[in-house]
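Colleague: I need the structure of the sequence given here:
(one chain, ligands or ions: 1)
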Amino acid sequence: MDNETKNTNLEHNFNLGQNDLRLLRVLRSSLDLALSKGQEQNTKMLSKLIQLGQQASSSLEVDTIIKTSLENILEIVDSKWCAIGLLDEETGKIVLRENIKQDGKSQFCSTEIPAEEDCVRKVMKNGSPLTITNIADSSLSCSLMSKCLGYLDCNDTGAIIPIKGRTKTLGILVTYYSSAMISNKINYLSIIANQIGLAIENAQLYESLQRQYVSVVNALAATLEAKDAYTKGHSLRVATWSRAVAKEMGLSDKQQEMIYVGGLLHDIGKVGVSERILLKGDKLTAEEKEAIQKHPLIGAKILEPGNLPEDIIKAVMYHHENYDGSGYPEGLTGEEIPVLARIINVVDAYDAMTSDRPYRSSYTQNWATEELDRNAGKQFDPTVIEAFKKLISRGELGFSL
Ligand SMILES: [Fe+2]
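Modeller: Residues are numbered from 1 along each chain as shown. Take a look at the predicted model:
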């Protein structure tokens, strides 16, 4: 049906006036335009950009934001390779954080790009995108290009887009194409880079708040050590050894990092326990025992407002749970106990046994290791003991038996 016939039918069926018809014609033209092929692509592109923005801003970890964004960029703008580098304010260099090809793999390992390189300097200084139409002929030196030449074609075109935060340029987004770079791709990439910039800035702010919080809590831990001389150095040893055990057990880098913080803070709740009980030389009464057994819960309460990762808070809260369910505060058993807490439980006990306490002298390292074995499957997770003993036998904990 042609437009003329459609209008006549509308006028006839609905008794519409000329103004109504004019309005309908404008609306229909807009709709036709929106549904035309080009417009459809733009609509799809916009929806992908919104999706990328949502994904990037939903994470508070810079590495996750970068990886997710690059995967999306490959798909959204159909590039052959893309990378993100961030400015290291101390060295003034751009550190390449991640780079991926169409198969999702990296082309090379992380590297530094001198900020004085022509192309990088221009983009960082001007804050506007730079298009390089022919990699081989380009007069702009770029070490990233030489690293990619084996994979990219000399005729490929590239773009370097500034990643901007609210007040400064945080780094660069680099992409390469086999086809000519068309201007609307640059516009899309600039929108993407802005979204990445805001998400990274939020994450960096969050990480810095967390660091500040951990340093305040560390100051609390130092206060605890000053309050209880017997725990001096204990938290640091538990943190360092627990991280080594986590690595030996094949836990991720992130978990290794979290157990280190959890180890430093595991007894922080003791700031809420009276010194009289902490330093008591004699056997504790049932009431005193109950008071001291509250320290994991007090610790978790102290840490909660800091928005630390839940794994750290759980490591603190459950580090006195026993493998057979005889521990506290909840009597969890086996794998119900978070793995970070199971590791701290073993390392904490070993360090306590080999240190002087108010009510006894230290045990020998051999005796303490045998005690771990005697309690494997009861108080302790046997797989954690196994990993801990391997580290001791290799002398990787700073001592050997
Ligand atoms: Fe404890």
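Colleague: Please count neighbours and contacts with C-alpha atoms only from this point.
Modeller: Will do.
Colleague: So, low pLDDT: which residues of the stretch 251-400 of the chain?
Modeller: Judged by pLDDT under 70, the stretch 251-400 of the chain has its weakly predicted residues at 400.
Colleague: for the stretch 101-250 of the chain, that is, sorry about that
Modeller: Residues of the stretch 101-250 of the chain that meet the cut-off, pLDDT under 70, sit at 107-110, 114-117, 134-152, 154-155, 179-183, 229-230.
Colleague: now the helices for it?
Modeller: Using DSSP state H, counting those that start in this stretch, the helices found in the stretch 101-250 of the chain span residues 118-126, 143-148, 183-227, 234-248.
Colleague: how long is stretch 76-95 end to end?
Modeller: 24 Å (C-alpha to C-alpha, to the nearest Å).
Colleague: Next: stretch 333-344.
Modeller: Terminal residues of stretch 333-344 are spaced 15 Å apart (C-alpha to C-alpha).
Colleague: cool, stretch 175-184 as well?
Modeller: 14 Å.
Colleague: cool, and stretch 75-93?
Modeller: Using C-alpha to C-alpha, the end-to-end distance of stretch 75-93 comes to 29 Å.
Colleague: which residues touch it?
Modeller: By C-alpha atoms under 8 Å, 6 or more residues apart in numbering, the residues outside stretch 75-93 that reach it are 45, 48-49, 66, 70, 73-74, 94-102, 112-115, 152, 170-178, 185, 188-189.
Colleague: again, 7 Å this time
Modeller: Applying C-alpha atoms under 7 Å, 6 or more residues apart in numbering, the contact partners of stretch 75-93 are 48, 70, 94-102, 112-115, 170-177, 185.
Colleague: Could I have the ChimeraX command that selects the buried members from those?
Modeller: Of the contacts of stretch 75-93, the buried ones can be selected in ChimeraX as follows, counting by 16 or more other C-alpha atoms under 10 Å:
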select :48,70,94,95,96,97,98,99,100,101,112,113,114,115,170,171,172,173,174,175,176,177
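Colleague: follow-up on the earlier one: same list, the helices of the stretch 101-250 of the chain, but as a markdown table with distance to Asn307 please.
Modeller: Output for the helices of the stretch 101-250 of the chain, formatted as a markdown table (distance: least, C-alpha to C-alpha, whole Å):
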| stretch | distance to Asn307 |
| --- | --- |
| helix 118-126 | 33 |
| helix 143-148 | 38 |
| helix 183-227 | 7 |
| helix 234-248 | 20 |
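Colleague: Quickly compare these and say which is most buried.
Modeller: Comparing the helices of the stretch 101-250 of the chain by mean neighbour count (mean count of other C-alpha atoms under 10 Å), helix 234-248 comes out on top with a mean of 22.
Colleague: Just the buried residues of the helix or strand that that one is followed by, please?
Modeller: Next in sequence after helix 234-248, counting helices and strands by DSSP states H and E, comes helix 253-265. By neighbour count on 16+ other C-alpha under 10 Å, the buried set for helix 253-265 is Gln255, Gln256, Glu257, Met258, Ile259, Tyr260, Val261, Gly262, Gly263, Leu264, Leu265.
Colleague: Pick the one among the residues you listed closest to Lys280.
Modeller: For the buried residues of helix 253-265, the minimum distance to Lys280 (C-alpha to C-alpha) is 22.2 Å, reached by Leu265.
Colleague: Who are the contact partners of that closest one?
Modeller: Ala221, Ser235, Val316.
Colleague: measure the closest residue to the first one other than its chain neighbours to Pro358 for me?
Modeller: Counting by C-alpha to C-alpha, 6 or more residues apart in numbering, Ala221 lies nearest to Ile268, which is 5.7 Å off, once chain neighbours are set aside. Taking C-alpha to C-alpha as the criterion, Ile268 is separated from Pro358 by 19 Å.
Colleague: If you count surrounding residues, which of the two has more?
Modeller: Remark: of Ile268 and Pro358, Ile268 carries more neighbours, 28 against 13, as counted by other C-alpha atoms under 10 Å.
Colleague: Just want the most central residue of this protein.
Modeller: Geometric centre of the chain, nearest residue: Glu61, 3.2 Å, by C-alpha atoms, centre = their mean.
Colleague: so who does that residue touch?
Modeller: Applying C-alpha under 7 Å, 6+ apart to Glu61 gives the contacts Ala203.
Colleague: Looking at the buried residues of helix 253-265, spot the one nearest Pro162.
Modeller: Glu257 (30.6 Å).
Colleague: Name the nearest residue to the closest one, sequence neighbours excluded.
Modeller: Take Glu257 and drop its neighbours on the chain: the residue closest to it by C-alpha to C-alpha, 6+ apart is Arg243, 7.1 Å away.
Colleague: Repeat that for Leu49.
Modeller: Ile192 (6.9 Å).
Colleague: so how far is Gln54 from that neighbour?
Modeller: 11 Å.
Colleague: same check, this time on Lys185
Modeller: Counting by C-alpha to C-alpha, the separation of Lys185 from Gln54 is 20 Å.
Colleague: Same check on Ala199?
Modeller: Going from Ala199 to Gln54 by C-alpha to C-alpha gives 9 Å.
Colleague: before we move on, what about Ser215?
Modeller: On the measure of C-alpha to C-alpha, Ser215 and Gln54 end up 31 Å apart.
Colleague: Same question for Glu335.
Modeller: Taking C-alpha to C-alpha, one finds Glu335 at 34 Å from Gln54.
Colleague: likewise Ala222?
Modeller: For Ala222 relative to Gln54 (C-alpha to C-alpha), the value is 40 Å.
Colleague: burial count for the closest residue to Arg237 other than its chain neighbours?
Modeller: Nearest residue to Arg237, sequence neighbours excluded (C-alpha to C-alpha, 6+ apart): Asp351, at 7.7 Å. As a burial measure, Asp351 scores 21 neighbours (other C-alpha under 10 Å).
Colleague: Make residue 1 into 33 and carry on from there
Modeller: That works, and once the first residue is 33, the last one we named lands at Asp383.
Colleague: which SS class is Asp383?
Modeller: For Asp383, the assignment made with DSSP: H, G, I helix; E, B strand; the rest coil gives helix.
Colleague: Against Glu320, how distant is it?
Modeller: Asp383 is 22 Å from Glu320, by C-alpha to C-alpha.
Colleague: Val348 too?
Modeller: 20 Å.
Colleague: okay, those two: which has more neighbours?
Modeller: Val348 (31 against 16).
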